[in-house]
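**Q** Need coordinates for the following:
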Amino acid sequence: MATSLKRLDKLPVTDQATASLREYILSGALVPGARLTEVALAEQLGIGRATVRMSLNQLAFEGIVVKIPYTGWQVAELSAKAIWEIWTLRGSLESLAASVTAARLDDIVARKITEARDNLFEACKRGAMDEVNLCDFGLHKTIVELSGHDRLREQYRLVEHQVRFYIATSNTQVALDGDDVIGQHRPLINALLAGDPEAAAQEAWLHNVNEGRRLSEWLGDDNAHFPAWTPHRLPGLERPSR
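**A** Next up, the predicted model:
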């Protein structure tokens, strides 16, 4: 797991600082709500506080850090409402992506899904959680990209950093071990590789439902005061005839 920030030596500094801070947070090295101090970050990165502040503002725009008035910066916290909103939004996008990707399964799509699966499963077996988090998101991003659905991909990019934060928190705070992470993903991967759009959509949705519930339980809130919601069956996702 990443435990320190990589010092920056080349320009453009602001972009590098933003990327370094983002990867540090999304690796799972910091728990939700952890305080971020401009002075300490500037020293670790070898840059000025103004540059750090610009980077933190960008990460706040992405939804993974927040600025607390009169206090400073901190890693975003996950409330019960935030978890519900993320898993329902993510589940909707990923269900559609899984359906479309399964429907257009061919040798190339199958190979890329298999590669993303193998990367995740091997990382889980090695037990390096920062690598697991990266490969976990990589699998889901691969499914979205393979859909070929440009507008869906654009919408996913708007929330992908929050999705990565959600994944990292779930894996580091809730998952039992690497085998647990593998078990979470196997039904979805099997449905995709079977070329079954309806099953793939259902498994993508259930994956998000289950992770949302586990995170809610970790927070000590079962989301009982938020409405249950199940997506309607999406039309036009039947596997095309060959």
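
**Q** what's the spacing between Lys141 and Glu23?
**A** In this view, Lys141 and Glu23 are 15 Å apart by Cβ to Cβ, to the nearest Å. The way it works is simple: take the backbone N, C-alpha and C, and place the C-beta from them, glycine included.

**Q** Would you enumerate the residues in contact with Arg164?
**A** Neighbouring residues of Arg164 by Cβ atoms under 8 Å, 6 or more residues apart in numbering: 26, 64, 133, 137.

**Q** In those residues, which has the lowest confidence score?
**A** The lowest pLDDT within these belongs to Leu26, with 86.

**Q** what's around that one, how many residues?
**A** By other Cβ atoms under 10 Å, the residues close to Leu26 number 27.

**Q** just checking, it touches His161?
**A** Yes - if you go by Cβ atoms under 8 Å, Leu26 and His161 touch, sitting 7.0 Å apart.

**Q** any residues in contact with both of those two?
**A** Ile64.

**Q** For this protein, which segments count as strands?
**A** Using DSSP state E, the strands of the chain run over 35-36, 65-68, 72-75.

**Q** Redo those as JSON lines? Include distance to Ala116 and mean neighbour count.
**A** Shown next, in JSON lines, are the strands of the chain (distance: least, Cβ to Cβ, whole Å; neighbours: other Cβ atoms under 10 Å):
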{"stretch": "strand 35-36", "distance to Ala116": "31", "mean neighbour count": "16"}
{"stretch": "strand 65-68", "distance to Ala116": "28", "mean neighbour count": "15"}
{"stretch": "strand 72-75", "distance to Ala116": "27", "mean neighbour count": "18"}
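
**Q** Could you export these to CSV, including columns for distance to Lys81?
**A** Formatted as CSV, these follow (distance: least, Cβ to Cβ, whole Å):
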stretch, distance to Lys81
strand 35-36, 22
strand 65-68, 14
strand 72-75, 17
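
**Q** Any chance of TSV for those strands, columns mean pLDDT and distance to Asn208?
**A** As requested, the strands of the chain are exported to TSV (pLDDT from 0 to 100; distance: least, Cβ to Cβ, whole Å):
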stretch	mean pLDDT	distance to Asn208
strand 35-36	93	28
strand 65-68	92	23
strand 72-75	92	22
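
**Q** Which of those strands sits closest to Gln155?
**A** Nearest to Gln155 among the strands of the chain is strand 65-68 (22.1 Å), distances taken as Cβ to Cβ.

**Q** what lines up beside the closest one in the sheet?
**A** Each strand paired with strand 65-68, and its direction, by DSSP bridges: strand 72-75 (antiparallel).

**Q** The closest residue in space to Ala204 that isn't next to it in sequence and Ala19, how far apart?
**A** Nearest non-adjacent residue to Ala204, counting by Cβ to Cβ, 6 or more residues apart in numbering: Ala98, 3.9 Å away. Here Ala98 is placed at a distance of 29 Å from Ala19 (Cβ to Cβ).
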